[in-house]
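# Dropping a prediction and its sequence here:
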Amino acid sequence: MAPTPSSTFNPETAPMFTPSGLGSAYIPNTSALNGNSATTPGMVPGAPQPPLQQVVGQPEEPFYMQTNLYPMNYHLYAPQAPPHIDLNKKANERTVADIFIPDRLREYIQRKNEESLKSISNTQAGLPFHVNQYHSLFPIDQNFDRSVKSFGFVSSVYKCMSNDDGRLYAMRRIEGVPIMSTKVFKKVKRWQQLDCANIVTLREVFTTRSFGDNSLILIYDYYPMSLTLMETHFIKIGNNSLELITEELLWNYLVQLTNAIVSIHSHSLTVSAFDPSKIIVTNKGRIRLSACGIYDIIRSATITKDSPEPDLKEQQQHDIRELGSLILNFARSTAIINESQDGEPKKILEQLKFSQEFKHCVSYLFEEDATLARLQELIAPQLLRISNGLQDSSDYMESWLAREVENARLVRLMTKLESICDRPERGSDGAWSETGERYPVKLFKDYVFHQVNESGHPVVDLTHVVNCLNKLDAGSEETLLLVSPDETTCLIMSYRNLKQLVDKSFSQLTGA
Ligand SMILES: Nc1ncnc2c1ncn2[C@@H]1O[C@H](COP(=O)(O)OP(=O)(O)OP(=O)(O)O)[C@@H](O)[C@H]1O
């Protein structure tokens, strides 16, 4: 039967515990999940609490310094979320799953990782083994569409890996662009300098014959599992359900695209076209312009000698109208519009069930003298709402990141335990595992992972496992009784001593 650890910790006599690297941070106590109901910050569960006057009686000393008198609760999980994020359940409502990343978030991240790892045989796909330093090409164009509607040339997108830095990139190949001189790349440097959260960064542009033709290649940052706005709202791909278009969503898009356009214009560049198949959704509600720089290159490559250089101001004004058309088209797709009113933005907007502010803002984009400065004023009230949502989302992610940091230290500890115990090459060395310093570690592993009940049936209790590993990691003074499987050997040890044995054995293995 599994022995029960006895708690003999005495805070009066225990040495001060400040694990290296963790400093003396104040870590408040947590919950029933941690296997205790202690409520005083900085106290070990079950330990007597300091008398109140001890805290009140020394006002000159800050509270966190007083907690140094007691071992920190490093074997406990830190509380998971800021109070305004409703993750906190009552102690009796918690399960061990609560200390791991929520299933939906985990699944989402895993699917992204799987997407990043997808590969295909180059010969089977008829793709080159490498294009300059980029290799492992994988087509991410789900439509297998060879139309020339977007740029006037056939284009395709591949995921690829760079041999230079081992990172994944999105490679856009455009077939047959007549590039006669490097002059057509004159604006590329400016595009590369853009640093905006709503623009996919352009990394490199070159031409290649690797595909057996003259292809123009543009290398962009890669966002796994992203879909275009068209695919998100209008074209069903695989199991994806089409997302409903609401006013809130369109405000969201308008704010993000305004951010992109402001950044592009500030570099004396232009968007040229707000094509919904060239805007990708990289996360819930997060959009990015995905084909930056292409229109400039194609325009320079196909321009005839006598055509005048287009006026930058006019082109930027055109961008604002294009943005208006994109948002208007999305808005009108939510209702059946009287076709006779077609073409008149104001008349179309009148027929839609959107707020007056929204209609006013969208119709402003079609005015002759519309400016980005005024547009930013019109969308300002929405910014607070959107910024609030973004901050909540970032807090939520950080809280789960904090959990994963806690879990990651257990993985490191288990790696140490696994490396130390049952090493086949040390089988003949009795001092290594069976009788020497490693023996308590081996018994501890049994105690943690191989519990059985009275009838000898396995007991799998994840809370017990997590608790024990956390206590070992923290080197808690709590003692536990370790019993050999044949019940002939019993050892009473503290987690602190066990931790020393684990560290010593691991150092011996690594030769540290
Ligand atoms: N930087 C990127 N990272 C990850 N995926 C991307 C990136 N850029 C585009 N994609 C994805 O590649 C796929 C193909 O993009 P593309 O621009 O070719 O769209 P399309 O609808 O096929 O348009 P076209 O008809 O012009 O080929 C889309 O699913 C898009 O989400």
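In hand now; what should we look at?

# Distance of the residue of the stretch 301-450 of the chain found nearest the ligand relative to residue 414?
Of all residues in the stretch 301-450 of the chain, residue 326 sits closest to the ligand, at 15.0 Å by C-beta to the nearest ligand atom. Using the backbone N, CA and C atoms, a C-beta is placed for each residue, glycine as well. Here the criterion is C-beta to C-beta, to the nearest Å. By it, residue 326 lies 51 Å from residue 414.

# next one: residue 164
For residue 164, the distance to residue 414 equals 35 Å [C-beta to C-beta].

# now do residue 254
Residue 254 sits 49 Å away from residue 414, taking C-beta to C-beta as the criterion.

# higher neighbour count, these two?
Applying other C-beta atoms under 10 Å to residue 254 and residue 414 shows that residue 254 carries more neighbours, namely 23 against 16.

# Okay, and the more buried one sits in which element?
helix 247-266 (DSSP states H and E).

# Name every strand pairing with the helix or strand just after that helix and say which way it goes.
Downstream of helix 247-266, the next assigned helix or strand under DSSP H and E is strand 279-283. When pairs are called by DSSP bridges, strand 279-283 turns out to pair with strand 227-228 (antiparallel), strand 286-289 (antiparallel).

# Any chance of CSV for the ones you listed, columns mean pLDDT?
Putting the strands paired with strand 279-283 into CSV (pLDDT from 0 to 100) gives the following:
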stretch, mean pLDDT
strand 227-228, 94
strand 286-289, 96
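
# deepest of those strands, which one?
The highest average neighbour count among these, using mean count of other C-beta atoms under 10 Å, belongs to strand 286-289 at a mean of 21.

# Buried residues, the very next helix or strand once past it. List them.
Tracing the chain past strand 286-289, the next element assigned as helix or strand by DSSP H and E is helix 294-302. Residues of helix 294-302 classed as buried: 294-301 (neighbour count, 16 or more other C-beta atoms under 10 Å).

# elements contacting helix 294-302?
The criterion is 3 or more C-beta pairs under 8 Å, 6 or more residues apart in numbering; DSSP states H and E, and the helices and strands that helix 294-302 contacts are strand 168-175, helix 188-193.

# now check the longest one, is it near the ligand?
Yes - counting by C-beta under 6 Å from any ligand atom, the ligand has neighbours in strand 168-175: residue 170.

# any idea of the angle that strand forms with strand 279-283?
160 degrees (axes from the mean of the first three to the mean of the last three C-alpha atoms, to 10 degrees).

# Run through the residues of the protein sitting next to the ligand.
Taking C-beta under 6 Å from any ligand atom as the contact definition, the chain meets the ligand at 140-143, 145, 147, 149-150, 155, 157, 170, 200, 220-223, 226-228, 230-231, 277-278, 280, 290.

# swap the cut-off to 5 Å and go again
140-141, 143, 145, 150, 157, 170, 200, 220, 222-223, 226-228, 277, 280, 290 (C-beta under 5 Å from any ligand atom).

# which of these count as buried?
Burial by neighbour count, 16+ other C-beta under 10 Å: within the residues of the chain next to the ligand this picks out 140, 150, 157, 170, 200, 220, 222-223, 226-228, 277, 280, 290.

# Can you tell me which of these is closest to residue 425?
Minimum separation from residue 425 among those (C-beta to C-beta) is found for residue 222, which lies at 42.5 Å.

# Per-residue pLDDT of that closest one, please?
On the pLDDT scale, residue 222 is placed at 97.

# likewise residue 35?
On the pLDDT scale, residue 35 is placed at 38.

# Would you mind splitting this structure into its domains for me?
Taking automatic domain parsing as the reference, the chain has its domains at 115-404, 407-510.

# Lowest average confidence across the ones you listed, which one?
For those, the bottom mean pLDDT is recorded on domain 407-510, which sits at a mean of 85.

# Tell me the span between the first and last residue of it.
Taking C-alpha to C-alpha, to the nearest Å, domain 407-510 runs 23 Å from one end to the other.

# And that domain, how far out from the chain middle?
Average the C-alpha atoms of domain 407-510, do the same for its chain, and the two points are 34 Å apart (C-alpha atoms, centre = their mean, to the nearest Å).
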